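S.K.: need a 3D model of the sequence below.
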Amino acid sequence: MNVLENPHEAFYQLDFARREGKRIGLIPTMGGLHDGHLTLVRHAKQQCDLAVATIFVNPSQFGPNEDFTRYPRTLDSDLEKLDACGCDVVFTPSIDVMYPPGFSTYVEPPKVAARWEGECRPGHFRGVATIVLKLFQMLPADVGFFGSKDYQQVAVLTTMVRDLDVPIRIEACETVRDADGLAMSSRNRYLSPDERARALALYRSLKSAQCMVDAGTRDAMLLEQEIRRILQAAPVDSIDYAAIVDVETMEPLARIESSAVAIMAVRIGTTRLIDNLVLQLK
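M.R.: Numbers count the residues shown, from 1 in each chain. Presented below is the predicted three-dimensional model:
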């Protein structure tokens, strides 16, 4: 496995590989890797000739009262995990490389970023769109692999790539969950045993909404009420949002006519967790 810090060296290596006809899969991460991230690498290995991961804790997507300084930085362990699952290249740039002195150009995220995370975390998607576009420029790849747990992020990046004619395909991979249903997240390590037990209400509430849909419920308000009921009974400490939205526009729905996705963000203790489930109609 080749570990690179210099963006020019990384670009020329990948550009040379593409000129040789090799297909490249890119997996941007902030480190603190778990099996969800490694599953993305495995998908890249299946679909591409080279799997390229990045590890960079991006300061521009954290708000002033968020957990940037606390976010897990486990580079040695991350590199061991990536090597073990067959990753070919890892790009580990410094903050000064990604945001050199005088940096002032940012990507304005698309409309799909406006609600939900966009409202709860002002500036978050500007930071995400900017860093991902920079990585797409530095590391020429054919496919970018992202986890569907960050559903709105995938929608933002898919729209950005389309609108700005970036020559890369966004591949959204299924959310990876622990055996008890909790979506894997680097932030799960912050949870105490009691908090982790309460966090199981997220997936339980989503599955309950799907059961209601299976039974014929189409009223989005009823589904949202059921999700909130289960979350509050857990209890979670607060709910930033719990909504039924359109799978493409992320706009709230009054009634499910075709496809929809249930999304949520909650706080348990000091930890903020997100989850979602695409609701299937019979």
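S.K.: downstream of the helix or strand containing Val128, the next helix or strand is which one?
M.R.: Assigned by DSSP states H and E, Val128 falls within helix 124-138. Note on helix 124-138: by DSSP H and E, the next helix or strand toward the C-terminus is strand 143-147.
S.K.: re the thing from before, elements contacting the helix holding Val128?
M.R.: Helix 124-138 is packed against helix 7-19, strand 24-29, helix 117-120, helix 151-163, with contacts defined by 3 or more C-beta pairs under 8 Å, 6 or more residues apart in numbering; DSSP states H and E. All C-beta atoms are positioned from the backbone trio N, CA, C, and that covers glycine.
S.K.: go with 6 Å
M.R.: helix 151-163 (3 or more C-beta pairs under 6 Å, 6 or more residues apart in numbering; DSSP states H and E).
S.K.: Val3 bridge partners, please.
M.R.: When assigned by DSSP bridges, Val3 has beta-bridge partners Val90.
S.K.: for Thr29, same thing?
M.R.: Beta-bridge pairing of Thr29 under DSSP bridges involves Ile55.
S.K.: then Arg177?
M.R.: For Arg177, the beta-bridge partners are Ala183 (DSSP bridges).
S.K.: number of residues surrounding it?
M.R.: Arg177 has 15 neighbours, counted by other C-beta atoms under 10 Å.
S.K.: confidence score at it?
M.R.: Looking at Arg177, its pLDDT is 97.
S.K.: now it: how far from Val90?
M.R.: Separation of Arg177 from Val90 (C-beta to C-beta, to the nearest Å) stands at 25 Å.
S.K.: if we can go back for a sec, hmm, who's touching the helix holding Val128?
M.R.: Under the contact criterion C-beta atoms under 6 Å, 6 or more residues apart in numbering, helix 124-138 has outside partners 7, 11, 28, 54, 58, 60-61, 106-107, 109, 113, 117-118, 156-157, 160, 166, 168.
S.K.: how near is the residue nearest the centre of the chain to Ser186?
M.R.: Taking C-alpha atoms, centre = their mean as the criterion, Asp150 is the residue nearest the geometric centre of the chain, at 3.4 Å. For Asp150, the distance to Ser186 equals 11 Å [C-beta to C-beta].
S.K.: between the two, which contacts overlap?
M.R.: Contacts common to Asp150 and Ser186, judged by C-beta under 6 Å, 6+ apart, are absent.
S.K.: pretty sure Leu279 sits against Ala260.
M.R.: Yes. Shown here, Leu279 and Ala260 form a contact pair, counting by C-beta atoms under 6 Å, at 4.9 Å.
S.K.: what are the buried residues along stretch 130-139?
M.R.: Within stretch 130-139, the residues that qualify as buried by neighbour count (16 or more other C-beta atoms under 10 Å) are 130-136, 138-139.
S.K.: for the residue nearest to Arg255 when sequence neighbours are not counted, give its distance to Glu257.
M.R.: The spatial neighbour of Arg255 that comes closest, neighbours along the chain excluded (C-beta to C-beta, 6 or more residues apart in numbering), is Arg218 at 5.3 Å. To Glu257, Arg218 is 8 Å away according to C-beta to C-beta.
S.K.: so for the two, which residue has more residues nearby?
M.R.: Arg218 (17 against 10).
S.K.: tell me the secondary structure at the closest residue in space to Tyr151 that isn't next to it in sequence.
M.R.: Excluding its sequence neighbours, the residue lying closest to Tyr151 (C-beta to C-beta, 6+ apart) is Asn276, at 4.4 Å. In three-state terms, and counting by DSSP: H, G, I helix; E, B strand; the rest coil, Asn276 is strand.
S.K.: for Asn276, what are its contacts?
M.R.: For Asn276, the contact set (C-beta under 6 Å, 6+ apart) comprises 151, 261, 263.
S.K.: gap between it and Val90?
M.R.: In this view, Asn276 and Val90 are 28 Å apart by C-beta to C-beta.
S.K.: and the helix or strand where Ser205 lies, what does it pack against?
M.R.: Assessed by DSSP H and E, Ser205 sits inside helix 201-214. Here helix 201-214 touches helix 220-233, strand 271-279, going by 3+ C-beta pairs under 6 Å, 6+ apart.
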